[in-house]
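Provide a 3D model corresponding to the input given below.
(3 chains)
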Amino acid sequence: MAYWLMKSEPDTFSIDHLAKRPGKTEAWDGVRNYQARNFMRSMSRGDEVFFYHSNCDEPGIVGLMRVRTEAYPDPTQFDSKHAHYDPGSKPEEPRWSLVEVEFVRKLRRTLTLNELRGHAERLKGLALVMRGSRLSVMPVRPEQWKFILSLEKKDPSPSARGE
DNA sequence: GCCAACGTTGGC
DNA sequence: GCCAACGTTGGC
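All right, here's what the predicted structure looks like:
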């Protein structure tokens, strides 16, 4: 059992999109970064994942989901009409993978990037809070997973609220 | 919309 | 194999 974090732009696909389909799986397609792909390939059914909203008004962790399949080739890489089409990828040797995920729950509040950055010591090594990191799929250490989840029950500090 | 930081591409 | 140019990510 491992823990992960995956980013999505809510304008494209948000936690509410996922929440509308409880019990169903959703293909996490469109990952076009080798490091992120490799992390997806090392996922197992049952792994838990933080859903992170990026490139939006309030970037942060907004929910939980669960991995439902092993990684398999992302079909959008072969679709010439698709935004994520990759003409360099051959069906006999697919370059990009995806996993399917299911909705678990929304968090009671958004754990903002700003708030998470305020816990630099506890979250040391987490790619999300590392300077310059743009990784969209990353592992979360178990103790860090627990710590982040525990923040849900607390009020964010004034500084984390941007005050 | 800006732009820093990063990843990829391709000429050499 | 180097590295400049380019494209993308994503916070602000």
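
what helices or strands is the longest helix along chain A leaning on?
Assignment by DSSP state H gives helix A:142-151 as the longest helix of chain A. Helices and strands touching helix A:142-151, by 3 or more Cβ pairs under 8 Å, 6 or more residues apart in numbering; DSSP states H and E, are strand A:48-53, helix A:113-117. The way it works is simple: take the backbone N, C-alpha and C, and place the C-beta from them, glycine included.

For residue A:97, list each beta-bridge partner.
Under the criterion DSSP bridges, residue A:97 forms beta bridges with residue A:73.

Next, count neighbours for it.
Other residues lying near residue A:97 total 20 when counted by other Cβ atoms under 10 Å.

Can you pull out the residues in contact with the helix or strand where residue A:37 lies?
Element membership of residue A:37 [criterion: DSSP states H and E] is helix A:34-41. Identification of contacts with helix A:34-41 by Cβ atoms under 8 Å, 6 or more residues apart in numbering yields A:4, A:28, A:31, A:71, A:96-99, A:135-139.

7 Å instead?
By Cβ atoms under 7 Å, 6 or more residues apart in numbering, the surrounding residues in contact with helix A:34-41 are A:4, A:31, A:71, A:96, A:97, A:98, A:99, A:135, A:136, A:137, A:138, A:139.

if I look at residue A:62, how far off is residue A:93?
Going from residue A:62 to residue A:93 by Cβ to Cβ, to the nearest Å gives 36 Å.

how about the strands in chain A?
A:3-8, A:25-27, A:48-53, A:60-67, A:72-73, A:97-98, A:100-112, A:137-139 (DSSP state E).

ok, back up a step: who has more neighbours, residue A:62 and residue A:93?
Shown here are residue A:62 and residue A:93; by other Cβ under 10 Å, residue A:62 has more neighbours (24 against 7).

I'd assumed residue A:105 was in contact with that one.
No - the criterion here is Cβ atoms under 7 Å, and residue A:62 misses it with residue A:105 at 10.4 Å.

show me where pLDDT drops low in chain A?
Applying pLDDT under 70 to chain A flags residues A:157-163.
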